[in-house]
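Visitor: Sequence first, predicted coordinates after that:
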Amino acid sequence: MAKIIHSMIRVLDPQRSIDFYQNAFDLREKRRHEYENFSLFYLGNNESDFEIELTLNTGTTEAYTHGNGYGHIAVCVDDLDREHQRIKSLGYNPRDIVAFSPGGKLLARFFFIRDPDGYEIEVIERHGGYR
């Protein structure tokens, strides 16, 4: 059986992205590999084995396009209201909290935020199938 281990995104300023993911989601740099044409930075925490791989392509200065295929990365938190306020207090601009309740039954409470390179992150409160 396959195990999902990481998702890669391309960034322009690795330190800015590392700081964002550490401050917003307590993801810390676990390791890095630097090569002539690119560098890889792996971020994670003790909640999961899953990692975000930040890739810096040496010499790239223009923002990456995300096209229409990229959706988002999702993280779960225990207290969505507290996390929304904490992230807002860090100077980031999370969107409003949404309660998604099709048919009147709460499926999920969440908000979205963009990282420094414009990638969407969904922050979901632990509930039901989101653990």
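Guide: Okay, I see it. Residues are numbered from 1 along each chain as shown.

Visitor: partners of the longest strand along the chain in the sheet?
Guide: Ranked by number of residues, the top strand in the chain under DSSP state E is strand 48-57. With DSSP bridges as the test, strand 48-57 is paired with strand 6-10 (parallel), strand 38-45 (antiparallel).

Visitor: list the buried ones in the following helix or strand past it?
Guide: Where DSSP states H and E defines the elements, the next helix or strand beyond strand 48-57 is strand 73-77. In terms of neighbour count (16 or more other CB atoms under 10 Å), strand 73-77 has its buried residues at 73, 75-77. Using the backbone N, CA and C atoms, a C-beta is placed for each residue, glycine as well.

Visitor: quick one: strand 73-77 to strand 6-10, angle?
Guide: Interaxial angle of strand 73-77 relative to strand 6-10 (axes from the mean of the first three to the mean of the last three CA atoms, to 10 degrees): 120 degrees.

Visitor: distance between the helix or strand just after strand 73-77 and the chain's centre?
Guide: The first helix or strand that comes after strand 73-77 along the chain, using DSSP H and E, is helix 80-89. Computed by CA atoms, centre = their mean, to the nearest Å, the separation of helix 80-89 from the middle of its chain amounts to 15 Å.

Visitor: and helix 80-89, what does it pack onto?
Guide: For helix 80-89, the elements it packs on are strand 108-114, strand 120-125, judged by 3 or more CB pairs under 8 Å, 6 or more residues apart in numbering; DSSP states H and E.

Visitor: No further queries at this time; thank you.
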